[in-house]
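Asks: sequence and computational prediction follow.
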Amino acid sequence: MKQKNIIVVLGMHRSGTSVITRGLQVLGVQLGTRLLPAKSDNEKGFWEDMDINALNVELLAALGQSWHTLAPLLPEHLKSTVLDTFKLRAVQLLREKLSGVETFGLKDPRIARLLPFWTDIFAHLDIKVSYMIACRHPMSVARSLAKRDGFALEKAYQLWLEYMLASLVGTQNHPRLVVDYDLLMTEPAIQLQRIAQALNLKFDAKSKAFTEFKENFLEEGLRHSRFAMDDLRLDKAASPQVMDLYLLLQAMATDQLAPDATELDVQVTGVAEVFRQTYPLLQYLDWTESSIADRQIVWESKIARLNEALAERDTQIHGLNSAAAERDAL
């Protein structure tokens with residue numbers, strides 16, 4: 001039986017993973033028929049399978065996490081027996097998605113966090129896997145998350161660091177390519193040709209599919225901000241590790257550094273070790289954030305009950321006033 005192909009798009013939320021995945025469709029990659037519907041914060045669509053997305057959301061919840069938990073999942077977390085039922089579901093789900101499909105595109109930013117889980121599934125199904133890693137300037141990502149989700153910039157940068165590190169560490173020794181979101185927006189033909197060459201796919205710059213992608217899908221409105229490399233040095237909310245990793249990703253995205261370069265893995269491992277040392281602090285910050293949210297829910301409930309009591313009192317007063325007015329009218 002011919003081996004199936006999967007192209008997995010990794011990256012942080014708000015990093016252009018949707019645009020890159022839509023670009024894969026131009027190259028003939030199939031994305032399935034059950035895609036998440038577009039929303040106000042992503043009017044062009046997510047290009048993301050809703051069943052895979054739902055499984056990832058449930059899986060993170062079972063592990064006590066969400067997509068924006070600060071403390072990363074450690075390898076030992078993903079060895080939990082709680083994952084056994086999820087593994088069977090994932091295997092059955094991918095078999096269904098790959099039925100009748102030669103090359104399938106898989107995208108959900110949460111996969112970066114759950115990559116060890118998914119690599120086991122790919123191996124079990126004997127799937128040939130290639131990875132596209134979406135890279136966008138961390139200042140753009142941080143400000144997009146601040147606007148959409150109300151995150152502090154410090155939290156947004158930390159999430160960017162965790163997702164991008166996980167994407168690089170989890171794809172070591174696998175075919176991979178880093179794609180810069182801003183470059184794809186400004187030079188789509190060059191970047192799609194680059195992707196096609198890396199994935200052994202065909203790209204025709206004169207095709208109807210590319211013309212529609214370039215003229216109707218790509219709009220400057222998709223890119224609300226653009227920053228220079230050195231701007232990041234001026235933002236005190238970003239740690240030095242964010243700058244270090246972004247420099248590496250840019251070198252890969254511009255082909256100055258090969259995806260399998262030895263020095264790359266050495267540098268990434270160094271940044272990952274520094275990041276891992278902050279795990280206890282990140283756990284504490286997650287607990288603090290959760291505790292504050294719980295207290296807020298309690299206070300909102302109390303306020304709601306007080307407002308109900310006040311509304312009931314106002315109704316009673318109104319009734320008394322009406323009765324008094326009727327009495328005075330006699």
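Replies: Structure received. Numbering: from 1, shown residues only.
Asks: going by C-alpha atoms from here, please, whenever you check contacts or count neighbours.
Replies: OK.
Asks: where does the prediction get shaky in the stretch 1-150 of the chain?
Replies: 1 (pLDDT under 70).
Asks: quick one, helices of it?
Replies: Chain-ordered helices for the stretch 1-150 of the chain, with DSSP state H, counting those that start in this stretch as the definition, fall at 17-26, 50-62, 84-98, 110-113, 115-124, 138-149.
Asks: what about the helix or strand harbouring residue 276, distance to the chain center?
Replies: Counting by DSSP states H and E, the element that carries residue 276 is helix 262-277. From the chain centre to the centre of helix 262-277 is a distance of 21 Å (C-alpha atoms, centre = their mean, to the nearest Å).
Asks: try stretch 200-211
Replies: That offset, for stretch 200-211, works out to 27 Å (C-alpha atoms, centre = their mean).
Asks: residues making contact with it?
Replies: Residues outside stretch 200-211 that contact it (C-alpha atoms under 8 Å, 6 or more residues apart in numbering) are 26, 27, 28, 189, 192, 193, 195, 196.
Asks: ditto for stretch 105-118
Replies: Stretch 105-118 is contacted by residues 6-13, 17-18, 21, 24, 29-31, 47-49, 52-53, 56-57, 67, 72-73, 75, 78, 87, 163-164, 166-167, 170 when judged by C-alpha under 8 Å, 6+ apart.
Asks: those residues in strands, which ones?
Replies: Using DSSP state E, the subset of the contacts of stretch 105-118 located in strands is 6, 7, 8, 9, 10.
Asks: now render the residues you listed as JSON lines, adding distance to residue 118 and neighbour count.
Replies: Below are the ones in strands among the contacts of stretch 105-118 laid out as JSON lines (distance: C-alpha to C-alpha, whole Å; neighbours: other C-alpha atoms under 10 Å):
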{"residue": "6", "distance to residue 118": "12", "neighbour count": "22"}
{"residue": "7", "distance to residue 118": "12", "neighbour count": "23"}
{"residue": "8", "distance to residue 118": "10", "neighbour count": "21"}
{"residue": "9", "distance to residue 118": "13", "neighbour count": "29"}
{"residue": "10", "distance to residue 118": "12", "neighbour count": "32"}
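Asks: export those as TSV, with columns for distance to residue 219.
Replies: Shown next, in TSV, are the ones in strands among the contacts of stretch 105-118 (distance: C-alpha to C-alpha, whole Å):
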residue	distance to residue 219
6	28
7	25
8	24
9	21
10	22
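Asks: and the residues you listed, which two are furthest apart?
Replies: Greatest spacing in the ones in strands among the contacts of stretch 105-118, by C-alpha to C-alpha: 6 and 10 (12.5 Å).
Asks: which one of the contacts of stretch 200-211 is nearest residue 94?
Replies: Nearest member of the contacts of stretch 200-211 to residue 94, counting by C-alpha to C-alpha, is residue 28, at 18.8 Å.
Asks: burial count for the closest one?
Replies: 16 (other C-alpha atoms under 10 Å).
Asks: re the thing from before, who does the helix holding residue 276 touch, helix- and strand-wise?
Replies: helix 153-170, helix 240-253 (3 or more C-alpha pairs under 8 Å, 6 or more residues apart in numbering; DSSP states H and E).
Asks: would you reformat those as JSON lines and include distance to residue 232, mean pLDDT and mean neighbour count?
Replies: Output for the helices and strands packed on helix 262-277, formatted as JSON lines (distance: least, C-alpha to C-alpha, whole Å; pLDDT from 0 to 100; neighbours: other C-alpha atoms under 10 Å):
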{"stretch": "helix 153-170", "distance to residue 232": "11", "mean pLDDT": "95", "mean neighbour count": "22"}
{"stretch": "helix 240-253", "distance to residue 232": "7", "mean pLDDT": "94", "mean neighbour count": "18"}
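Asks: these into a markdown table, with extra columns for distance to residue 140?
Replies: Output for the helices and strands packed on helix 262-277, formatted as a markdown table (distance: least, C-alpha to C-alpha, whole Å):
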| stretch | distance to residue 140 |
| --- | --- |
| helix 153-170 | 10 |
| helix 240-253 | 12 |
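Asks: okay, strands next: where are they in the stretch 201-330 of the chain?
Replies: If you assign secondary structure with DSSP state E, counting those that start in this stretch, the stretch 201-330 of the chain ends up with no strands.
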